[in-house]
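Engineer: missing the sequence, but the structure's below:
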């Protein structure tokens, strides 16, 4: 069951050489961060590569450093993102087969996917809702450049309700415990605000993430629009990471779409890169 690349040639380059060169440029610009502790989770944006790639590069530069430091030849990354194009309740898994990108195909960790499906009724298998969704596909080129033996478990959240986030957090914490797994929440922040307004609104979300305060972020999502399109995934991943021993977060980078390309600051989208870690 191969999930074909839906956004190659539009949101990112179609050829392997071009995508590798662009991703590597963002990784190198991010530098080599110091990894303090066991990496439990990441937050990374998912817009067109030209816009969010410079921020995403910071999350993946840290993942690359972590994999090298811990000599990880294989790693499973659980990708949790929002569904932009299909309305449904619950959490949909692509539980079989592989995902394609111009850099090749990435196998699904079917054993871990099955463990998640057995855990909570809110999680169900549905590969169809993944076919035209970009929030997880935009992570693949980075992952393929920084992890050699990569496997993934792709999950999309439907309503992103408190109940969904709690159910997913519980399932992740139980299924991932004892495995060599990193969780990844895919989310952009505020959308189409003037840059000063976006910066003010996004600063509150960034602070919630920095403090690992999933409850505060959930309250924002419930009481205000335009907080973060993947707010539910961030909440679920933060709660699961806490249960898995995470005790601190490093905010790696914040920027907005006006920092790239045309530098239009009149209506921007906010982007965050962050790492959630345990111990020192």
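Structural biologist: Now that the structure is in, tell me what you want to look at. Values in this document were obtained by computation on a predicted structure and should not be read as measured data.
Engineer: Could you name the helices and strands sitting against the longest helix seen in the chain?
Structural biologist: Longest helix in the chain, counting residues (DSSP state H): helix 49-69. Helix 49-69 sits against helix 16-30, strand 38-44, helix 140-146, strand 248-256, strand 268-278, with contacts defined as 3 or more Cβ pairs under 8 Å, 6 or more residues apart in numbering; DSSP states H and E. (C-beta placed from N, C-alpha, C; glycine too.)
Engineer: and the angle from the last one to strand 38-44?
Structural biologist: With axes from the mean of the first three to the mean of the last three Cα atoms, to 10 degrees defining the directions, strand 268-278 sits at 170 degrees from strand 38-44.
Engineer: follow-up on the earlier one: closest one to residue 110 among the helices and strands packed on helix 49-69?
Structural biologist: Across the helices and strands packed on helix 49-69, residue 110 has its closest neighbour in helix 140-146 (17.6 Å, Cβ to Cβ).
Engineer: tilt between the helix or strand following that closest one and helix 49-69?
Structural biologist: Counting by DSSP states H and E, the next helix or strand C-terminal to helix 140-146 is strand 149-157. Per the same axes, to 10 degrees, the angle that strand 149-157 makes with helix 49-69 is 130 degrees.
Engineer: Show me which positions of strand 149-157 end up buried.
Structural biologist: 150-157 (16 or more other Cβ atoms under 10 Å).
Engineer: now for the very next helix or strand once past that strand, which elements pack on it?
Structural biologist: Downstream of strand 149-157, the next assigned helix or strand under DSSP H and E is helix 162-176. When contacts are defined as 3+ Cβ pairs under 8 Å, 6+ apart, helix 162-176 sits against strand 74-82, strand 91-93, helix 110-119, strand 123-125, strand 149-157, helix 214-223, helix 231-243.
Engineer: which other residues reach helix 162-176?
Structural biologist: 78, 80, 89-91, 112, 115-116, 119-120, 122-123, 155, 157-158, 183, 214, 218, 222, 232, 235-240, 243-244 (Cβ atoms under 8 Å, 6 or more residues apart in numbering).
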